[in-house]
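> Kindly return the folded structure for what I paste below:
(one chain, ligands or ions: 1)
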Amino acid sequence: MSKFSRRLALAGALALGAVTGVAGLATSSLAEDKVTLRLSTPASETDQRSVALAEVFAPAVADFAEYQPHYNASLIAQGSELESIASGDLEMSIASAQELATFFPEFSIFATGYVHQDAAHQVAVFGDALMDPFKQKVEDELGVKLLAVMYLGRRHVNLRQSKDELTVTTPADLAGVNLRMPGSDAWQFLGKALGANPTPMAFTEVYTALSTGSVDGQDNPLPTVVDAKFYEVTKQIALTSHLVDLNYVAFSKAIWDTLTPEQQAMVQKAAEDAAESGRQAQLKKEEDLVAFLQENGLEVYEPDLDAFRNHVQAQYVGSEFAASWPDGVLDKINALGN
Ligand code: KDO
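Numbers count the residues shown, from 1 in each chain. Reported below is the predicted structural model:
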C-alpha cells in the first residue's frame, strides 16, 4: 500500500479503534480491575528494550495495568503494529521512525543516515519543541502516543563474506551486495544510499537468510547482531555507523484517555525510566561487544566514514524524503547535536 493510501485507510481504522479499544478496556476493567497492555515487537525477550520494559515499565504501572509483552513478532507482524494499535487490537509497540514514515513521510528525517549523532542527541531531539507537531500528528491521525525514545544503537554493515573476499572501504565496495534491510521505503532508500542492493525482509527471517546465503548481509547495531546470533552466520562487520537508530515507546491513545491523570503520569514516567535504563544497557553492550565478536572470529573494522557520510547525505538531497521534511527542522536537529 502506498504511503498515502495507508494513511487514508487508517482514518477508518482509527475511528473503529477508538470504539473497540475503549470497549476492550471497559470489559477488562470490570473483570480484573486492571487494564491489559499488550505489546508486540519483533525483538526477542533478551533484547535490552524488551528487558527494560519488562523490568522497569511493567512494575511501575502494575497497580492498575497488566503488561503482556509478545516477542519475536509472535502477535503482530513487524511493521503492522501501529495499524493494530490504531484499530484497537494492540496497546503498545516499540515503533520505528521508518514505520511512522509510511504514514507520515516527514518522519523519515529521523530515519535518515548520519542525522542523529548519538544517544544523547536522540533524547535532546525527542524532548525538543521541534517534536511537538510530529507527536501531535501521530496522536491525532493514528491514535498513538509516542511516550519516549529508546536507543537501538549504531547500525553497521554485517556481511557473510570474509574481509579477504570483500573489504568495505567506501560505498562503491557495496555495489551488488544483497543487503537485507527492513521492508519499508525509508529503510530501502537507506540501503541504496549506502551503495548496496537492499532486500526487504522481516527481522525474524534474517538469521535463516544469512545462514542459507539468500542475502549477503544485514545491518543492525552490535547488540542486535549478538542477541539475534547473526554473528554465527556472518564473518565481518564494517563499522559504518550509518544510522544512530531509535525506536519510540508507542501507546494507544484510546487506552490513555481512559486512565486517570495520575495513572497517565505514571505511564509516562515508567516509559521514560524504561527508555533510560535500556539506553544505558545498550550503550554498555555496544562498548563491550567488539571484543566478543572478535573472539568469535568476526573481523570488525572501520571503513572510510567520511566517504560513507558524504555519499549517504548526498543521496537524500533532493529526494522525495527530504521534500517532506518541514522547513528548518533539519537545522534544529543539527543545532541540538555536538
Ligand atoms: C530490523 O528489522 O533490522 C530492526 O532493527 C528495525 C528496528 O526498527 C526494530 O524494528 C528492530 O528490528 C526490532 O525491534 C528487532 O530488534
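
> What's the local residue count around the residue nearest to residue 128 when sequence neighbours are not counted?
The shortest distance from residue 128 to any non-neighbouring residue, by C-beta to C-beta, 6 or more residues apart in numbering, is to residue 336 (6.0 Å). The way it works is simple: take the backbone N, C-alpha and C, and place the C-beta from them, glycine included. Residues near residue 336, counting by other C-beta atoms under 10 Å, number 19.

> and if you look at residue 326?
12.

> Can I take it that it is in a helix?
No. Counting by DSSP: H, G, I helix; E, B strand; the rest coil, residue 326 is located in no helix; its state is coil.

> could you list every residue that touches the closest residue to it other than its chain neighbours?
Excluding the flanking residues, the one nearest residue 326 by C-beta to C-beta, 6+ apart is residue 106, at 6.0 Å. Shown in contact with residue 106 (C-beta atoms under 8 Å, 6 or more residues apart in numbering): 134, 324, 325, 326, 329.

> Quick one, which of those are buried?
Buried subset of the contacts of residue 106 (neighbour count, 16 or more other C-beta atoms under 10 Å): 134, 325, 329.

> from those, which is closest to residue 195?
residue 325 (22.8 Å; C-beta to C-beta).

> what's that closest one in contact with, if anything?
Counted by C-beta under 8 Å, 6+ apart, residue 325 has contacts 106, 108, 109.

> same thing but 10 Å
105, 106, 107, 108, 109, 110, 112, 316, 319, 333 (C-beta atoms under 10 Å, 6 or more residues apart in numbering).

> Residue 58 too?
37, 39, 52, 65, 66, 67, 68, 69, 270, 274.

> out of those residues, which is most surrounded?
Going by other C-beta under 10 Å, residue 39 tops the contacts of residue 58 with 27 neighbours.

> Just to be sure, it is in a helix?
No. The assignment for residue 39, made by three-state DSSP, is strand rather than a helix.

> how far away is it from the ligand?
11 Å (C-beta to the nearest ligand atom, to the nearest Å).

> what is that residue paired to in the beta sheet?
residue 69, residue 92 (DSSP bridges).

> Could you double-check that it sits in contact with residue 66?
No. Between residue 39 and residue 66 there is no contact under C-beta atoms under 10 Å: 11.4 Å.

> list the contacts for the residue nearest to residue 128?
Contacts of residue 336 (C-beta under 10 Å, 6+ apart): 116, 117, 120, 121, 122, 123, 124, 125, 126, 127, 128, 130.

> Over to residue 47?
41, 53, 71-72, 94, 152, 223-224, 227-228, 278, 281-282.

> If we use 7 Å, what do you get?
residue 227 (C-beta atoms under 7 Å, 6 or more residues apart in numbering).

> Retrieve the pLDDT associated with it.
With respect to pLDDT, residue 47 scores 98.

> That one and residue 335: what is the separation?
Residue 47 sits 32 Å away from residue 335, going by C-beta to C-beta, to the nearest Å.

> got it, and residue 63?
Counting by C-beta to C-beta, the gap from residue 63 to residue 335 is 41 Å.

> Repeat that for residue 152.
23 Å.

> now swap in residue 296 and tell me
Applying C-beta to C-beta to residue 296 and residue 335 gives a distance of 41 Å.

> next one: residue 66
42 Å.

> filter the contacts of residue 336 to the buried ones?
116, 117, 121, 122, 123, 124, 125, 126, 130.

> I'd say the last one and residue 330 touch.
What that stands for is residue 130. No. The criterion here is C-beta atoms under 7 Å, and residue 130 misses it with residue 330 at 9.9 Å.

> Quote the end-to-end distance of stretch 151-169.
Using C-alpha to C-alpha, to the nearest Å, one end of stretch 151-169 lies 27 Å from the other.

> scratch that, stretch 252-268
12 Å.

> May I see the buried residues of it?
252, 253, 254, 255, 256, 258, 259, 263, 266, 267, 268.

> Among these, which lie within helices?
253, 254, 255, 256, 263, 266, 267, 268 (DSSP state H).

> closest point of the stretch 151-300 of the chain to the ligand, which residue?
Residue of the stretch 151-300 of the chain nearest the ligand, by C-beta to the nearest ligand atom: residue 203 (3.5 Å).

> related to what we said a few turns ago, most widely separated two among the ones in helices among the buried residues of stretch 252-268?
Among those, 254 and 266 lie farthest apart (C-beta to C-beta), at 18.0 Å.

> what's the burial count for whatever residue of the stretch 1-150 of the chain ends up closest to the ligand?
The minimum distance from the stretch 1-150 of the chain to the ligand, using C-beta to the nearest ligand atom, falls at residue 96 (3.3 Å). When neighbours are counted by other C-beta under 10 Å, residue 96 registers 26.

> Could you do residue 285 as well?
18.

> pretty sure residue 209 is touching residue 217, no?
No. With contact defined as C-beta under 7 Å, residue 209 does not reach residue 217; the gap is 9.8 Å.

> With that, I have no additional questions.
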